[in-house]
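[1] Got a predicted model here, sequence first, then my questions.
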Amino acid sequence: MKDSALKVHFIAIGGSAMHSLAIALKRSGYIVTGSDDEIFEPSLTRLKNEGILPATNGWFPEKITQELDCIVLGMHARKDNPELLKAKEIGVTIYSYPEFIYQQSLDKQRVVVAGSHGKTTITSMILHVMKFHNKNFDYMVGAQIEGFDNPVKITQEAPVIILEGDEYLSSPIDPRPKFLHYHHHIGLISGVAWDHINVFPTFDEYVQQFDAFADSTPKAGILIYPESDDLASIIGRKEREDITRIEYNEHKNEVKNGKTFLITDNGKVEVSVFGKHNMLNLNAAKTIVTKLGITDEMFYEAIPSFSGASKRLEVIKKGDGSTIFRDFAHAPSKLVATASAVKNQYPNSKLIAVLELHTFSSLNKAFLDQYKETFDAPDLPIVFYSPDTIAQKKLEPITEADIKKAFDNPKLQVFTKPDELEKFLLSQNWSNTNLLLMSSGHFQGMDIRNLALSITAQNV
């Protein structure tokens, strides 16, 4: 492929990953165009600031010409997309998002962080440590990170690329998991817990994707996995003499007065992240950066300033008696880890936690039983869901009774309207009480920051 003269057109440029890749290429000197039928914030403003926001929403086959070097096809597009059909007709090369990144990293060492949970945080930790020590690297991560103005960076010069590997479909015309396209040299599986029931309708089908990822580790490659995760360790321990297998566990730590300290050979190191799952994530990141030339001393120098990835136990507001956290947790395994982490970090404070059921899996009646006994850590667990979202996803309706039966927690409260949820939360006594909001959505437009301000103001 050509470098600075490359002309790339993005079909469905408004996606969270797609628009970040488009920006990265524009900044590298490529000629970037794109289309989409709807573009929301923050993609809209970010594309506009880079000068690559489509002038009009919609699909325009006339944009697809022989002058294009290739097309990057996003998951939001359909198989019958007019621009896609035109590209096929005239023979323009079509890549999925991960295929294109692979083509841009053929001569790099490729590190891929996969897993049902923790992959964004692990990748973010790696990037933070590498940047702290001024290493030259490319990357792709699924969240905004402090110190990085774009979640994607693609250059010609960097010798290594660090990629968050997603098991979801690559594109509307490519059902293979994204992470299989990256062809890792160093691969990590952070854990395996069933998700994406719309794509992998059975547990076995889901697990097979990670099995394939492990099998794709090349000769002399490295496969890393947590010893404590039953499925990941079974997959990782499969007999192969031509690769290096590395197991990891939680980093040794202690919690005192709401602060977490890593226990190292040279003393204690205070860190901002907390919880059992983050001690696993931290050791996963440490294991990988060690293979990239970072010593233990360098790691412990850098990691205290890591404040976390966006929406991963992110502190929205901290008051005298309350802290409001926001987290991306939505799958059962993520729910358990995140809620337990906050409760264990602040054992003497009451915890009110709200989970929004928003994904296809979480709103699927056949999947609801996976949440049994996963929401027991909070003092007051709350589930929010929108019947409108269920209808939009064309799923079978679920009721409050269905949810209470599935979660099997007598303390559980259920809400379906954001204004009623907000009114209920504001009516609580927030003295020595923390709030944890968990969702991959937006609580149907509820103003989380204003809610946080109102809650913390109660203790002033």
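    Okay, I see it. Not measured: the values here are computed from a predicted model.
[2] Only C-alpha atoms from now on, for both contacts and neighbour counts.
    Will do.
[3] how much space between residue 423 and residue 417?
    Distance, residue 423 to residue 417, by C-alpha to C-alpha, to the nearest Å: 10 Å.
[4] and what of residue 253?
    Distance of residue 253 to residue 417, computed by C-alpha to C-alpha: 41 Å.
[5] between these two, who's got more neighbours?
    Each of residue 253 and residue 417 has its neighbours counted (other C-alpha atoms under 10 Å); residue 253 has more, 18 against 15.
[6] Name the nearest residue to the more buried one, sequence neighbours excluded.
    Distances taken as C-alpha to C-alpha, 6 or more residues apart in numbering put residue 262 closest to residue 253, at 4.4 Å, once the chain neighbours are dropped.
[7] what about the one you found, how many neighbours?
    Using other C-alpha under 10 Å, residue 262 has 19 neighbouring residues.
[8] Going along the chain from the host helix or strand of it, find the next helix or strand for me.
    Assigned by DSSP states H and E, residue 262 falls within strand 259-264. Counting by DSSP H and E, the element after strand 259-264 in chain order, helix or strand, is strand 267-271.
[9] Report the inter-axis angle for that following strand versus strand 259-264.
    140 degrees (axes from the mean of the first three to the mean of the last three C-alpha atoms, to 10 degrees).
[10] Check which helices and strands the next helix or strand after strand 267-271 sits against.
    Counting by DSSP H and E, the next helix or strand C-terminal to strand 267-271 is helix 276-290. In this structure, helix 276-290 packs against helix 119-132, strand 222-226, strand 244-248, helix 296-302, helix 332-345, with contacts taken as 3 or more C-alpha pairs under 8 Å, 6 or more residues apart in numbering; DSSP states H and E.
[11] All the strands of the stretch 351-460 of the chain, residue numbers only.
    Assigned by DSSP state E, counting those that start in this stretch, the stretch 351-460 of the chain shows strands spanning 380-385, 413-415, 433-438.
[12] part of a strand, is residue 26?
    No: assignment of residue 26 by DSSP: H, G, I helix; E, B strand; the rest coil gives helix, placing it outside any strand.
[13] which residues sit in contact with it?
    32, 50 (C-alpha atoms under 8 Å, 6 or more residues apart in numbering).
[14] One more pass at 7 Å, please.
    Counting by C-alpha atoms under 7 Å, 6 or more residues apart in numbering, residue 26 makes contact with residue 32.
[15] One more: residue 155?
    Neighbour list for residue 155: 28, 138 [criterion: C-alpha under 7 Å, 6+ apart].
[16] do the same with the one 10 residues further on
    Contacts of residue 165 were listed using C-alpha under 7 Å, 6+ apart, and they are 112-114, 178-179.
[17] and those residues, which two are the farthest apart?
    Taking C-alpha to C-alpha as the measure, the contacts of residue 165 span a maximum distance of 11.6 Å, between 113 and 178.
[18] These two: who's more crowded?
    Using other C-alpha under 10 Å, the more surrounded residue of residue 113 and residue 178 is residue 113, with 28 against 21.
[19] these two touch, right, the more buried one and residue 189?
    Yes: judged on C-alpha atoms under 7 Å, residue 113 makes contact with residue 189 at a distance of 6.5 Å.
[20] Please, which helix or strand holds residue 92?
    Going by DSSP H and E, residue 92 is not in any helix or strand.
[21] wouldn't it be in contact with residue 72 here?
    No: using C-alpha under 7 Å, residue 92 is not in contact with residue 72; the gap is 10.6 Å.
[22] More neighbours: the two, which one.
    More crowded of residue 92 and residue 72, by other C-alpha under 10 Å: residue 72, with 25 against 18.
[23] State the three-state secondary structure for that one.
    Three-state assignment for residue 72 (three-state DSSP): strand.
[24] so it bridges to which residues?
    On the basis of DSSP bridges, residue 72 is bridged to residue 10, residue 95.
[25] For residue 250, see how far away it is.
    Taken as C-alpha to C-alpha, the span from residue 72 to residue 250 is 39 Å.
[26] ditto for residue 190
    12 Å.
[27] now residue 301
    Residue 301 sits 19 Å away from residue 250, going by C-alpha to C-alpha.
[28] Which one of those two is surrounded by more residues?
    More crowded of residue 301 and residue 250, by other C-alpha under 10 Å: residue 250, with 18 against 14.
[29] which element is that one on?
    Using DSSP H and E, residue 250 sits within no helix or strand.
[30] nearest spatial neighbour of it, skipping sequence neighbours?
    Distances taken as C-alpha to C-alpha, 6+ apart place residue 280 nearest to residue 250, at 4.2 Å, with adjacent residues excluded.
[31] Pretty sure that neighbour sits against residue 251.
    Yes: using C-alpha under 7 Å, residue 280 makes contact with residue 251 at a distance of 6.3 Å.
[32] how about the helices in the chain?
    Per DSSP state H, the chain carries helices over the ranges 16-27, 43-50, 82-90, 97-103, 119-132, 203-215, 230-236, 276-290, 296-302, 332-345, 387-392, 400-407, 418-426, 448-457.
[33] Most tightly packed of those helices?
    helix 119-132 (a mean of 24; mean count of other C-alpha atoms under 10 Å).
[34] For that helix, name the packing helices and strands.
    Here helix 119-132 touches strand 160-164, helix 276-290, helix 296-302, going by 3 or more C-alpha pairs under 7 Å, 6 or more residues apart in numbering; DSSP states H and E.
[35] Could you dump these into JSON lines and include distance to residue 25 and mean pLDDT?
    Converted to JSON lines, the helices and strands packed on helix 119-132 look like this (distance: least, C-alpha to C-alpha, whole Å; pLDDT from 0 to 100):
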{"stretch": "strand 160-164", "distance to residue 25": "15", "mean pLDDT": "98"}
{"stretch": "helix 276-290", "distance to residue 25": "26", "mean pLDDT": "97"}
{"stretch": "helix 296-302", "distance to residue 25": "29", "mean pLDDT": "98"}
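[36] what's the closest of those to residue 343?
    The closest of the helices and strands packed on helix 119-132 to residue 343 is helix 276-290. By C-alpha to C-alpha, the value is 11.3 Å.
[37] which stretches of this protein aren't confidently modelled?
    Counting by pLDDT under 70, the chain shows low-confidence ranges at 1-5, 459-460.
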